[in-house]
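Enquirer: attaching a predicted model along with its sequence, questions to come.
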Amino acid sequence: MKPNHESASQRYTLNCRMNQEAAALERLCRVVRVRGFRISRMAMESTGDTLDIALTLEGSRPVAMLQSQLEKLHTVAGVELVSDTMARSRSA
Amino acid sequence: MNGSQHILAAFHRHNISTVFGYPGGCIMPLYDALVDDVGTEHVLCRHEQACALAADGYARASGQLGVCIATSGPGATNLITGVANAYMDSIPLLVITGQVPSGLIGTDAFQETDILGMTLGIVKHSYLVDDPEDLPGILEEAIDLAQAGRPGPVWIDIPKDILLSEIEAPAPARTEAPPADCPEIGPALAMLKSARRPLLYSGGGVSLAGAEDRFRTFAEVSGLPGVVTLKGIGNAGRNNPNDLGMLGMHGSRAANKAVDECDLLFVIGARLDDRATGKLDGFAPNARMIHIDADAAEINKLRPAELSLRGDLNAILAALTDAIAAEPLAIDAWQKQCRTWHTTGGFRAADNEEPLAPITGPAFIRQLSGITGDDTVIACDVGQHQMWVAQYYQFAHPRHHLTSGGLGTMGFGLPAAIGAQFSDRTRTVINVTGDGSFMMNAQELATIRRYNLPLKLIILDNQCLGMVRQQQELFYNNRESQIDLDDNPDFVAMARAFDIPALHIERTDQIRRGIETILAYNGPMLLHVAISREENVWPIVKAGASNKEMIDEPRKTNSRKEQVA
């Protein structure tokens, strides 16, 4: 069952800071997928014990829900929503 | 100390006295260390899935951390269903698996699986230890994390060489987490006072927060009518006249009616699961909502809350109780309406007074509830019997009702009952199961016998997968598909093969004697109860439909004068 407050597909840019660990990126990507978003662009930089990941995402569910699910991950230090725009139609 | 000894030392520091496991190649160093250990009781189950489910049952019944152990490869993969079960119901679990030696990881070595990758979606967190010196810190962090906030399973995968490595790093000092604050309750209080038809909606989060007593006091002092989720059954105790019981797919008409009519839904420790809410569009259509939950991600996930509170649930409930005691809510008319609904629209399957009549599930569970004491723990499996227990057994406490709520794991009940019995060997623990579920972990009869647990087993045997059959009957034009279990083994003979005495009953007049016989027996005993294949669980809401579209038992729909309008 999908939440009843879905809207048209939107594009978001999220910046995530994570601790380095064995499955950091897998953990992050899994949550994005399961919570109904698609990664269209991803950039990662490793600095010491920290990973900085910039994600461009598309999805029709509320991004706040994804943000709170990502923040639940034990190794996520912070998630920042940088921008959101209407996604282009895939058929366009 | 080597890595294995560090694990046992962590158990001792955290008062972990019982663990459930099964040995094998890569976890052998830990089993070697267990030989010299004093203070850890290792329970050998007969399948790793049962180890995880027993640890889950131990945690549910006791409120303590459950621990399970397995080897790499198939040992680890066999744990997965049990760990997923704990994850879905927010049960604190520490899972320890052996892994192939560090140098062999990634070579497709014997009994190598990427268990870290496989289990990312069913754990609160997980670790693959790649440096022996990290192990003590990881153990401390994992044990705390599993129990903190919203609990859940934490998995540590440890290569065999690290279990054998001498580790110099000391165990880190424990740091107590600061107590959670009590948020400002003024706005919630104002919403409660302004509501004319406020309704409590509580779930498993009440007992997970250790707030059972405060919740009960709050419910009694406020007089708020309440509904519970499957995992919240028992929150209100046995005798709260304002408790309308379980809502949702197999909830009472009274509970669903109250949700439909309320103007304020006060959700405490519940996640608005689809089996409880039905179609969200039609759920509590006239209600504002206050949501209290330990997990921020649950707030606004499925339905926006006008007000949310996070913090120490005990403190929040205490503050609300004090405020309402000083100035009671004026909800007499609403209370009266809800009690009327409860009288006329509660669970009301008729008892058959005819002594020679076949036994029905509801009649059996109602008698079981009347005969057993307030401290009895009931571990269910999944299916029709699970819903009859939820509907007709009067639980005094939520930790007395062990049920697989989120995952719906057939085979949960028997190992969960074993775990519950290990948490308190003096308590009466009963596994109420169906013939389908029982066969999913029947090997654990050997565990009961090995440890001479005084568990009682009750199989409600309808010779089929009753819940699937029921849905095929109602929603698939009665086209039965793969639900017949009429070639079940002789369960009485099967129990006896494990040296567990057993009894068979099939008539209504045999129910009481059957239950009393197994309860009086000093040791494990099985009661095999033959019930009708055609019995359904009523009422029912079709998956995806609104709770307002609840279907009553057809032959009673037209004649039930007392049906709620």
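Expert: Noted; the coordinates are in hand. It should be emphasised that the depicted structure is a prediction, and the values quoted were computed from it without experimental measurement.

Enquirer: the strands in the stretch 451-565 of chain B, which residues?
Expert: B:456-461, B:502-505, B:525-530 (DSSP state E, counting those that start in this stretch).

Enquirer: how many other residues sit next to the residue in the stretch 251-400 of chain B that chain A sits nearest to?
Expert: Closest approach between the stretch 251-400 of chain B and chain A, counting by Cβ to the nearest Cβ: B:Ala297, at 4.0 Å. For glycine as for every other residue, the C-beta is placed from the backbone atoms N, C-alpha and C. Using other Cβ atoms under 10 Å in any protein chain shown, B:Ala297 has 19 neighbouring residues.

Enquirer: ok now do it, which residues does it touch?
Expert: By Cβ atoms under 8 Å, 6 or more residues apart in numbering or on different chains, the residues touching B:Ala297 are A:65, A:68-69, A:71-72.

Enquirer: spatially nearest residue to the spatially most central residue of chain B (excluding sequence neighbours)?
Expert: The centre of chain B sits closest to B:Thr403, judged by Cα atoms, centre = their mean, with a distance of 3.4 Å. In space, and not counting its chain neighbours, B:Thr403 is closest to B:Cys380: 4.7 Å by Cβ to Cβ, 6 or more residues apart in numbering or on different chains.

Enquirer: write out the residues of the stretch 51-200 of chain B neighbouring chain A.
Expert: Within the stretch 51-200 of chain B, the residues that sit near chain A (Cβ under 8 Å from any Cβ of the partner chain) are B:116-117, B:120-121, B:124-128, B:130, B:145.

Enquirer: which of the helices or strands spans the most centrally placed residue in chain A?
Expert: The centre of chain A sits closest to A:Val32, judged by Cα atoms, centre = their mean, with a distance of 5.2 Å. Assigned by DSSP states H and E, A:Val32 belongs to helix A:24-34.

Enquirer: ok, residues contacting that helix?
Expert: A:16, A:18, A:38-39, A:44, A:51, A:53, A:55, A:57, A:66, A:69-70, A:73, A:75-76, B:117, B:120-121.

Enquirer: what's the first helix or strand after that helix?
Expert: Of the helices and strands lying after helix A:24-34 in sequence (DSSP H and E), the nearest is strand A:37-47.

Enquirer: give me the next element, helix or strand, following that next one.
Expert: strand A:50-59.

Enquirer: that next one close to chain B?
Expert: No: Strand A:50-59 is not in contact with chain B by Cβ under 8 Å from any Cβ; minimum separation 14.7 Å.

Enquirer: what about that strand, average pLDDT?
Expert: The pLDDT scores in strand A:50-59 average 97.

Enquirer: if we can go back for a sec, pretty sure the residue nearest to B:Thr403 contacts B:Ile430?
Expert: No: contact criterion Cβ atoms under 8 Å: B:Cys380 and B:Ile430 do not qualify, at 9.5 Å.

Enquirer: specify which residue of the two has the higher count of neighbours.
Expert: Taking other Cβ under 10 Å, B:Cys380 and B:Ile430 do not tie; B:Cys380 has more neighbours (28 against 25).

Enquirer: any idea how far that one is from B:Pro179?
Expert: Distance, B:Cys380 to B:Pro179, by Cβ to Cβ, to the nearest Å: 34 Å.

Enquirer: now do B:Ala54
Expert: B:Ala54 is 32 Å from B:Pro179, by Cβ to Cβ.

Enquirer: so which of the two has more stuff around it?
Expert: B:Ala54 (31 against 10).

Enquirer: can you pull out the helices in the stretch 401-550 of chain B?
Expert: Using DSSP state H, counting those that start in this stretch, the helices of the stretch 401-550 of chain B run over residues B:413-423, B:435-438, B:445-451, B:466-475, B:491-497, B:511-520.

Enquirer: residues of chain A that sit close to chain B?
Expert: A:1, A:3-5, A:21-23, A:26-27, A:30, A:34, A:62, A:64-65, A:68-69, A:71-75.

Enquirer: quick one: buried ones out of those residues?
Expert: A:3, A:21, A:23, A:27, A:62, A:65, A:68-69, A:72-75 (16 or more other Cβ atoms under 10 Å in any protein chain shown).

Enquirer: for chain A, what's the nearest residue on the stretch 401-550 of chain B?
Expert: Closest point on the stretch 401-550 of chain B to chain A, by Cβ to the nearest Cβ, is B:Gly544, at 6.9 Å.
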